[in-house]
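Novice: heads up, no residue letters with this:
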């Protein structure tokens, strides 16, 4: 795509056509400036097939806010809409609507609350709450989902992979396998969720993290094609980067050639006063090879050299590698804990694409419309009650128990405050027979999760650094039960409604179904 | 991301850090301007878990060429590299290299051959062949893979989904679930591969296709929240878009409310001289509901109204819907073929993310280096012989049999021409016991697939339109055996080597292993 096309495709027209046709309909009906509320939430955790997440990490807000600040209907965009025609050749968009759009087609009227990036989040909880003129709040839907769904997905995957590696260094390597420019959003989300660094040079620059990377097989191949060998390639690398020497040892034969050559070069480096960083293994049985490599490095006097693993890693593969090391390392005279503590994970494809579940089903649902100064809750009926969104204005609270663990997220009507309740009834969102009662003395803290970020288009939010988001994630994860964090078959965290919100939902559902059935 | 950051992250630094550290090493060794050849290819078809592709559709080249034309090391990029430091605080990149990069850090020296977009392609066949100064050809790797892997993946998925729907209209709806800006590349690739239109307004504009879309559940909900109902919402829509009226009928209850209300409005439209387009079903049992909808529309006198299906569709889901319609429709007095012929498929998440296999494992491998005017083939040994890339300069030929079907893709050395051979020996790329002999009288055509697109950085390629790419795909698919196109468990298409290329590969492998084993 050339630059002009890119500006078109990534500006306000980064939306679905139906948002624009609906906006014109609202304009035609005089509804376009009525205030409406849309909630953004996801209905279920990512399910990777063999395993499923028990929590998500929120991400993507800052880039959405940047986009909203810039995006508006430029003259070119209006001209394009003017040129659109329907089946019969009649123009799709009329001048009066287009004039309104040219003058009002920005997000200046939007007020937004959101749960900050880096926080642990759960299904059916509003993560982003948009209030604003109906037409522009509707047009925002697609881009909002595009910005948020993917980053939440990747931050979540990164948190899982980070946990599976017992907190060892995690490097994001996915640029080449990412979905085109999505790579950059993915690298950012990975850093928020648990990656420590990325190989992506541009994003490292933008986010202020040192980029990571040393060399590929091709470097060794170049030397071989020119009549030299792996040893000469390693020596050349050590010569240029004597204090940052990390060698990829599997171009020819890991155990017979790569590691012995690396050790030779490490010894030469040390004689000249430099300590090597270590080696990278990128193929074969990574658990077995890392044990053998550890033994060879230990025996040669390099017990602190790192062993970087890469090649189709994800949380389950890493879990298996560690399990195998624990079982097998002692037989080779290698201490498993010491080995596990020197491992570094380079994760590409399966992190940047969220392998197993490459999309988060985040949605953006109308929950209220303001009519003559009064907010009316809105409902969308679904065959499965669990899919019916929670209507109206709501607060989101996180309830912590006496162990200071998060025990539930609670959605309430906006005039309810759990602190003022004698006891908190946690009502299952769709099954009325399921509820749980918490007495005030069982509760250590009730924390509101939504923060105001935009007030009528004005930014009223101090944007935190990525580092602050990472700290928030760590703090939230520390207060999450181990069972919820389990990689496979996690315990289900409770997301509940107050009794009043639950009743409102039932009433609206009945009334919507009733109306529709008497209508014809 | 703000605009300046976006330019940084999407320019020449859209690469992995190790490409830059290797480039400096080549510079230091005096190898940076030696000409090298890298082949881009994928090793296996996408495997979606329950099913696997038997062919791919090539895509992404034009956007790669655009990027290469723009990308170069700007002063800001050089400043950034100058600021990078290693473990000990020493600068990673020295001034002499950075000066070279500032003066020479573009793709002006690159010559590229490629298989055109829209063509059917297979594993281990070079799709893109890059020759150029080693340092810049190396730096290109990551971005080339980022541009091509994803578009091939999506064009392939679109071709499968298009085929599963028996060629009925296919709409790409994935913007909200795509990987951030990858959405735009995905929409383009979907159009190349088999989608007819996209809902993505910006990309439709850029590519010159009319965007598709009508309304969402929220429009009906707005009317309900304001005390009106679905019928009023549908009437409003028909009033604004009388000639383009397509109504989403599942906001409340598809059979009890949505379809009856839609029919009422369609009748009103017709009385005013307009024909409706049809309805959209977005939840529930789409096969059953489409049969019931067809019956109701037929009975009301709208046998030509389209029925658009959406909601987590992919090629297997569509196959199942059609199978169920064939079995079940007659019981409701509906002709299955007529119903199947009025269906339209709106496919979002599972197309734009290539559900089941969200990445193509495309690689970029050094296959030759030019030393003192002589090209030396390069090899990378892999534990599994199937993963060892085919070395050296090669031609790619597609061999058609007397039925005019593509029977094999053949890789040869660049001084070989299959037309001059008495018989063509198709050697399996890794198993020497497997080969097939084709006599000239069995061959209808031998077609070279690679086209020169860049000559020393200069574009020497007339970029085809998307429409031309679509035609090329259709032509290639028509010459592909039905067994290869099967959605599940396809027949394996042959990709073969000439005997001379096969022998070269064996020699290089032996020599590389031999050298490494005598070295220590």
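Specialist: Perfect, I can see it now. Note that this is a predicted model, so its numbers are computed, not measured. Numbering: from 1, shown residues only, chains lettered A, B, ... in the order given.
Novice: my guess is residue A:448 meets residue A:409, correct?
Specialist: No: judged on Cβ atoms under 8 Å, residue A:448 makes no contact with residue A:409 at a distance of 10.9 Å. C-beta here means a position set from N, CA and C on the backbone, and glycine is covered the same way.
Novice: Between the two, which is the more surrounded one?
Specialist: The residue with more neighbours, out of residue A:448 and residue A:409, is residue A:409; 23 against 14, by other Cβ atoms under 10 Å in any protein chain shown.
Novice: on contacts alone, who are the packing partners of the helix or strand containing the more buried one?
Specialist: Element membership of residue A:409 [criterion: DSSP states H and E] is strand A:406-413. In terms of contacts (3 or more Cβ pairs under 8 Å, 6 or more residues apart in numbering or on different chains; DSSP states H and E), strand A:406-413 is packed against strand A:394-401, strand A:423-427, strand A:435-439, strand A:494-497, helix A:499-519.
Novice: neighbouring contacts of the lengthiest strand in chain A?
Specialist: Scanning chain A for the strand with the most residues, using DSSP state E, yields strand A:362-371. Taking contacts as Cβ atoms under 8 Å, 6 or more residues apart in numbering or on different chains, the residues outside strand A:362-371 that touch it are A:34-43, A:127, A:130, A:134, A:141, A:144-145, A:148-149, A:152, A:375-378, A:380, A:389-394, B:176, B:217-218, B:221-222, B:225-227.
Novice: So which of those are in strands?
Specialist: Among those, the residues falling in strands (DSSP E) are A:35-42, A:130, A:375-377, A:394.
Novice: Within reach of chain B, which of those residues are there?
Specialist: A:36, A:38, A:376-377 (Cβ under 8 Å from any Cβ of the partner chain).
Novice: In terms of distance to residue A:482, which of the residues you listed ranks first?
Specialist: Nearest to residue A:482, judged by Cβ to Cβ, of these is residue A:38 at 35.2 Å.
Novice: still on that earlier bit, of the ones next to chain B among the ones in strands among the contacts of strand A:362-371, which pair is most distant in space?
Specialist: Farthest-apart pair in those is A:38 and A:376; separation 14.2 Å (Cβ to Cβ).
Novice: Who has more neighbours out of those two?
Specialist: A side-by-side neighbour count of residue A:38 and residue A:376, using other Cβ under 10 Å, places residue A:38 first with 26 against 16.
Novice: Can you tell me the closest non-neighbouring residue to the more buried one?
Specialist: residue A:130 (4.7 Å; Cβ to Cβ, 6 or more residues apart in numbering or on different chains).
Novice: if we can go back for a sec, if you average pLDDT over the longest strand of chain A, what comes out?
Specialist: Confidence over strand A:362-371 (mean pLDDT, whole number) is 94.
Novice: in chain A, which helix has the most residues?
Specialist: Of all segments of type helix in chain A, defined using DSSP state H, the longest is helix A:134-164.
Novice: just how off-centre is that one within its chain?
Specialist: Remark: helix A:134-164 is offset 6 Å from the chain centroid, using Cα atoms, centre = their mean, to the nearest Å.
Novice: Over to stretch A:299-313?
Specialist: Averaging C-alpha positions (Cα atoms, centre = their mean) puts stretch A:299-313 29 Å from its chain's average.
Novice: And for stretch A:363-377?
Specialist: Once both centres are worked out by Cα atoms, centre = their mean, stretch A:363-377 turns out to sit 28 Å from its chain's centre.
Novice: Stretch A:499-512 too?
Specialist: Here the centre of stretch A:499-512 is set off from its chain's centre by 32 Å, with Cα atoms, centre = their mean.
Novice: Then stretch A:477-488?
Specialist: Relative to where its chain is centred, stretch A:477-488 has its mean C-alpha point 17 Å off (Cα atoms, centre = their mean).
Novice: What residues of that stretch count as buried?
Specialist: Of all the residues in stretch A:477-488, those buried under the rule 16 or more other Cβ atoms under 10 Å in any protein chain shown are A:477, A:479-481, A:484-485, A:487.
Novice: thinking again about what came up before, report the buried members of the contacts of strand A:362-371.
Specialist: Among these, those classed as buried by neighbour count (16+ other Cβ under 10 Å) are A:34-42, A:127, A:130, A:134, A:141, A:144-145, A:148-149, A:152, A:375-378, A:380, A:389-394, B:176, B:217-218, B:221-222, B:225-226.
Novice: So for residue A:383, what's the pLDDT?
Specialist: In the predicted model, residue A:383 carries a pLDDT score of 67.
Novice: My error: substitute residue A:45 in the last question.
Specialist: Value listed for residue A:45 in the pLDDT field: 98.
Novice: what sits against it?
Specialist: With contacts taken as Cβ under 8 Å, 6+ apart, residue A:45 has the following neighbours: A:52-56, A:122-123, A:156.
Novice: Which members of the buried residues of stretch A:477-488 are positioned in helices?
Specialist: Using DSSP H, A:477, A:484-485 are the members of those that sit in helices.
Novice: can those residues go into a markdown table with extra columns for distance to residue B:371?
Specialist: Converted to a markdown table, those look like this (distance: Cβ to Cβ, whole Å):
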| residue | distance to residue B:371 |
| --- | --- |
| A:477 | 54 |
| A:484 | 59 |
| A:485 | 55 |
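Novice: export these to JSON lines and tack on pLDDT?
Specialist: As requested, those are exported to JSON lines (pLDDT from 0 to 100):
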{"residue": "A:477", "pLDDT": "97"}
{"residue": "A:484", "pLDDT": "97"}
{"residue": "A:485", "pLDDT": "97"}
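Novice: So what sits opposite the closest residue to residue A:226 other than its chain neighbours in the bridge?
Specialist: Taking Cβ to Cβ, 6+ apart, and ignoring the residues beside it in sequence, residue A:226 has residue B:371 as its nearest neighbour in space, at 5.6 Å. Each beta-bridge partner of residue B:371 is listed here, defined by DSSP bridges: residue B:374.
Novice: ok, back up a step: would you mind listing the residues touching both of residue A:448 and residue A:409?
Specialist: Counting by Cβ under 8 Å, 6+ apart, the residues touching both residue A:448 and residue A:409 are A:396-397.
Novice: now the helix or strand containing residue A:183, how far from the centre of its chain.
Specialist: With elements taken from DSSP H and E, the one containing residue A:183 is helix A:182-193. Helix A:182-193 sits 7 Å away from the centroid of its parent chain (Cα atoms, centre = their mean).
Novice: which helices and strands sit right next to it?
Specialist: helix A:134-164, strand A:170-172, strand A:197-198, helix A:201-207, helix A:349-352, helix A:466-478, helix B:182-193.
Novice: Show me the contact partners of the shortest one.
Specialist: I take that to be strand A:197-198. Outside strand A:197-198, the residues within contact range by Cβ under 8 Å, 6+ apart are A:169, A:171-173, A:187, A:190-191, A:204, A:209-212.
Novice: Give me the distance between that strand and the centre of its chain.
Specialist: Here strand A:197-198 shows a centroid-to-chain-centroid distance of 15 Å under the convention Cα atoms, centre = their mean.
Novice: okay, which residue is most central for chain A?
Specialist: Geometric centre of chain A, nearest residue: residue A:152, 2.2 Å, by Cα atoms, centre = their mean.
Novice: Contact partners for that residue?
Specialist: When contacts are taken as Cβ under 8 Å, 6+ apart, residue A:152 is in contact with A:42, A:56-60, A:121, A:127, A:189, A:360, A:362.
Novice: Inside helices: which ones of those?
Specialist: residue A:189.
Novice: can you list the contacts of residue A:152 in TSV and add distance to residue B:14?
Specialist: Formatted as TSV, those follow (distance: Cβ to Cβ, whole Å):
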residue	distance to residue B:14
A:42	29
A:56	28
A:57	25
A:58	26
A:59	21
A:60	20
A:121	30
A:127	29
A:189	17
A:360	24
A:362	26
